[in-house]
Each structure stands twice: as structure tokens, then as C-alpha cells.
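Q: Let's see this in three dimensions:
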Amino acid sequence: MSDVPPVLILLALDERPWPLRGRAGLRFGSTPLLIDQLRHFYQLGLQRVVIITDADCVGDLAALAAPVDFMAVSVIAATDGLSMHLPAQTRFYIATLADVVDPELGQLLISAGNNEPDTLHAAIHAQEAMTDRPLIQLVTPQYGAVLDWLDILHIGAYGYERALTHLLATQTVTLLTYRGPWVSLAQPWHVLDVMAHYLARIDGQTIATSAYVAPTATLTGPVIVEADAKIYPGASVIGPAYIGAGTIVGNNALVRQAMVLDGCTVGFTTEVARSYIADGCDLHACRVLDSVFASTVNFSAGCTTANLRMDRGVVPTTIHGERVNSGRAKLGAVIGEGAFLAVDVLTMPGVKIGAGAQIGPGVHVYTDISDGQRMYIKQEYVIIDPPPRQI
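A: Residues are numbered from 1 along each chain as shown. From the prediction side, this is the model:
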């Protein structure tokens, strides 16, 4: 039996799922996902973590992790020589940043690893087919096998899946089944699944003392309203919902089963339903349905994210030029940081719009728009003069 805690290897690969800038800094409340995940593993008794990410993300993740004082943190690129960062003669707990689970899974794995320290244990979900990537976490004592496994991660597409296949094929594995919540942020629209997981944790209503809730506004169900937020007369917030610091929910606006983070404006008569709205977004007399907005998106008056197919089928979307099944019956748009959508823009279900893109008035968006692109309609006026008046 071993009482020495394993070293956590936290995989943060393919960290920029377009059109989002990255997973690690996404906040589902007041704390970035990376910090939430590290705190989760620290509460399981882990004391050291090696975060493995893409080479161009090392600086960003190191900056995010810099305030962490409860664990020893190293951030390295997947292409680096890993042996110098991983102490020999130790056990490893291998997980991914993208997988959000309850503590029960870690307790299951660590307990099994303590009781059988020379055995590789893998936890899988009872409903393995519920996402498009393997749901698995590992506790392993095989140092050499771990190095071989990590060397495969950065080679070509599907490195994570191929590395798992290699490790499980070359080692004797004891499989453990986990039946609790397990949501995976593999694709950008999976933000909605992770958001729902965090919203489900809200217990009752928590209203900051500096927040303003008008007497004629209504809060229903579990709701958090952060400091200096303002909810004006006639507005309705239906939980579970999160309203961030300094955010304004205007007159007669409706926010339901959604997260609206800090410094946003949800203007007069706007509806935000089952959507994730990051910091500094401006929404004006519009409809945001089953959508993900990165920070500082402007969604002008009359705009709508269509979220339902006419045949009520599963919404497809495009990834790397290929149409894929989103797994969602309702899916609006995923819109990148700083995009500006002018009045009366309509996005079709499953559309993605890149950071800094600009969509002109009245456009119906049927296809993905890349970062920085501008899309507008060429319009021809026909003006007919009335016939001369008869005298």
C-alpha cells in the first residue's frame, strides 16, 4: 500500500478550439477553468502537477497558473523532453483539462492505486459513447510507459486517442467504472455542457450586497448575482443562472439557464437562453439561444441566433472543413472574441464566427466566417416615382 500522492499530468492539448481562444481561461463563474481543475485535484490530495500543452500555449497557461500557491506547477510543451520534468520512481495521475468530473472519480482511482501501487488503473465512464472522445483517467506506476505514451501525444492528429490505445495495449490495466457526471470540453459548443454542469451546482440565491435588483424584477430558482450588477425593472432571471460583476440586465430582458459574465449589457427586451456570454459583451434587443459568445462580442438590435432545424434533427456544424454531428437538438452560434454583428443579423444553427469578424446589417449567415473577415450584403435600390398628378 502507498500513501505517496501521485504526480498529476494534466493534458491541455489542442488548447485553441476555434473560434475560442482557449479552454484554460474560460470562466464558469469567477474562476478560470484551469484554476478550478487544479483545485479539484488538490482537494484529492495531489501536490504537484505537470501541465502539458501546445508550444504556443505555454506562456498563456503559465500566466494563468502563476497565482496558484497550493500546488507545485510546471507548464511544458508536448514537444519538450519530458523526462527532466517527471520524477522517476513515482506514480502518475493522468487527466485532461477538458474533462470536468466530480471528486468521486479521483477518489476511486487514488484509492485503487494506493491499494495496488504496482498496477495501472484506468477509470472509464459507464456511458462511454456519450462524447466524441475517450472519457478516461489513469493512475499508473509505469514511468517508462508514461514517457512512451507522452511521446505519442504530439505526433499528428488524434494523438491523445492513439496514445491511449498504445498505453492500454502495452500494459496490464485494471478498469474501474465511474457513473457520476463527466462533461468534456472537446469542441467549442461543449462549453454549453460544462456551463450546465457548473450551473447545476448553484444552491439557492446569492445576491451581492452591492448588486441592484429592482423591486419589479424577478429572480426565480437558483441564481448568483455578483457585485455591482444591476437588474432593472421588469427584467426576469430564471435559474439556474449566473450574472457576473458589473453586468446590466435591462428593462424587460429575460435571462434563463445561462451564464452572463462580467461587464456585459443585456439590453431592453433581450432574451438570453441556455447560453454562455463571456466578459464585456453588448446585447441589444436581440435573441441569443443555445449559443457561446467569447468576450466583447457586439450583438446588435434585432439579431437572432437560430437554434432549431426545421426537421427538428440534430444540428450539424463544420470542423476542419468536414460536417460533423454536434449531438445537440438545439445549437445556435459560437462567436469569437470582439466580433461585431450589426442590426438584424441572423445566424443559422451551428454557425461559427471568428474573432474580430464583422457582419453587416441584415445578413443571414449560413456558413462559418473566419477571424477578421467582413461579410455584408450588396443591395440595389429601386425607386419609382409616383405618376404625375392629374390637374
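
Q: Which stretches in the stretch 1-150 of the chain count as helices?
A: Along the stretch 1-150 of the chain, counting by DSSP state H, counting those that start in this stretch, helices occupy 33-43, 58-65, 103-115, 143-153.

Q: can you pull the pLDDT of Asp151?
A: At Asp151, the pLDDT value in this model is 67.

Q: Helix or strand next in line after the least confident helix or strand in the chain by mean pLDDT, which one?
A: None of the helices or strands of the chain scores lower by mean pLDDT, DSSP states H and E than helix 143-153, at a mean of 65. Going down the chain from helix 143-153, the next helix or strand is helix 159-170, by DSSP states H and E.

Q: after that following helix comes which helix or strand?
A: Moving toward the C-terminus from helix 159-170, the next element (DSSP H and E) is strand 173-178.

Q: So what are the sheet partners of that following strand and their directions?
A: Strands that pair with strand 173-178, judged by DSSP bridges, come out as strand 120-125 (parallel).

Q: Grab the CA positions of the partner strand and hand them over as CSV.
A: Output in CSV follows, covering the C-alpha atoms of strand 120-125 (Å, rounded to 0.1, in the frame of the first residue of the first chain):
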residue,chain,number,x,y,z
LEU,A,120,-2.2,0.6,-13.8
HIS,A,121,-5.8,1.7,-13.1
ALA,A,122,-8.0,3.4,-15.6
ALA,A,123,-11.4,4.9,-14.9
ILE,A,124,-13.9,5.0,-17.8
HIS,A,125,-17.4,6.3,-17.8
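
Q: follow-up on the earlier one: can you lay out the helices of the stretch 1-150 of the chain as TSV showing mean neighbour count and distance to Pro361?
A: For every residue, glycine as well, the C-beta is placed using N, CA and C. Shown next, in TSV, are these (neighbours: other C-beta atoms under 10 Å; distance: least, C-beta to C-beta, whole Å):
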stretch	mean neighbour count	distance to Pro361
helix 33-43	19	35
helix 58-65	18	35
helix 103-115	18	49
helix 143-153	18	46
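
Q: Now distance to Ala235 too, for these, in a markdown table please.
A: As requested, these are exported to a markdown table (distance: least, C-beta to C-beta, whole Å):
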| stretch | distance to Ala235 |
| --- | --- |
| helix 33-43 | 28 |
| helix 58-65 | 33 |
| helix 103-115 | 36 |
| helix 143-153 | 47 |
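
Q: Check those helices for me: which has the lowest mean pLDDT.
A: Ranked by mean pLDDT, those bottom out at helix 143-153, with a mean of 65.

Q: Count the neighbours of Gly25 for me.
A: Neighbour count of Gly25, defined by other C-beta atoms under 10 Å: 18.

Q: what's the closest non-adjacent residue to it?
A: The shortest distance from Gly25 to any non-neighbouring residue, by C-beta to C-beta, 6 or more residues apart in numbering, is to Pro32 (5.0 Å).

Q: show me the contacts for the most centrally placed residue in the chain.
A: The residue lying closest to the centre of the chain (C-alpha atoms, centre = their mean) is Val191, at 3.1 Å. Shown in contact with Val191 (C-beta atoms under 8 Å, 6 or more residues apart in numbering): Leu20, Leu26, Leu185, Tyr276, Val292, Val334.

Q: of these, buried ones?
A: For the contacts of Val191, a burial check counting by 16 or more other C-beta atoms under 10 Å picks out Leu20, Leu26, Leu185, Tyr276, Val292, Val334.

Q: what are the bridge partners for the fifth one, then?
A: When bridges are assigned using DSSP bridges, the partners listed for Val292 are Tyr276, Val334.

Q: any idea how far it is from Tyr276?
A: 5 Å (C-beta to C-beta, to the nearest Å).

Q: what residues are shared contacts of these two?
A: With C-beta under 8 Å, 6+ apart as the test, Val292 and Tyr276 both reach Val191, Leu192.

Q: Tell me where the model's unsure across the stretch 101-250 of the chain.
A: For the stretch 101-250 of the chain, residues meeting the criterion pLDDT under 70 lie at 127-135, 141-159.

Q: can we see that at 90?
A: 105-106, 108-182, 184, 186 (pLDDT under 90).

Q: quick one, the strand or helix carrying the residue nearest to the centre of the chain and helix 33-43 angle?
A: Secondary-structure assignment from DSSP H and E places Val191 in helix 191-199. Between helix 191-199 and helix 33-43, the angle comes out at 50 degrees (axes from the mean of the first three to the mean of the last three C-alpha atoms, to 10 degrees).

Q: Just the CA atoms of helix 191-199, as PDB, please.
A: This file holds the C-alpha atoms of helix 191-199, laid out as PDB (Å, rounded to 0.1, in the frame of the first residue of the first chain):
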ATOM      1  CA  VAL A 191     -18.900  25.000 -23.400                       C
ATOM      2  CA  LEU A 192     -22.700  24.700 -23.000                       C
ATOM      3  CA  ASP A 193     -22.400  21.200 -21.400                       C
ATOM      4  CA  VAL A 194     -19.700  22.400 -19.000                       C
ATOM      5  CA  MET A 195     -21.800  25.600 -18.200                       C
ATOM      6  CA  ALA A 196     -24.800  23.400 -17.400                       C
ATOM      7  CA  HIS A 197     -22.600  21.300 -15.100                       C
ATOM      8  CA  TYR A 198     -21.500  24.400 -13.200                       C
ATOM      9  CA  LEU A 199     -25.000  25.900 -13.100                       C
END
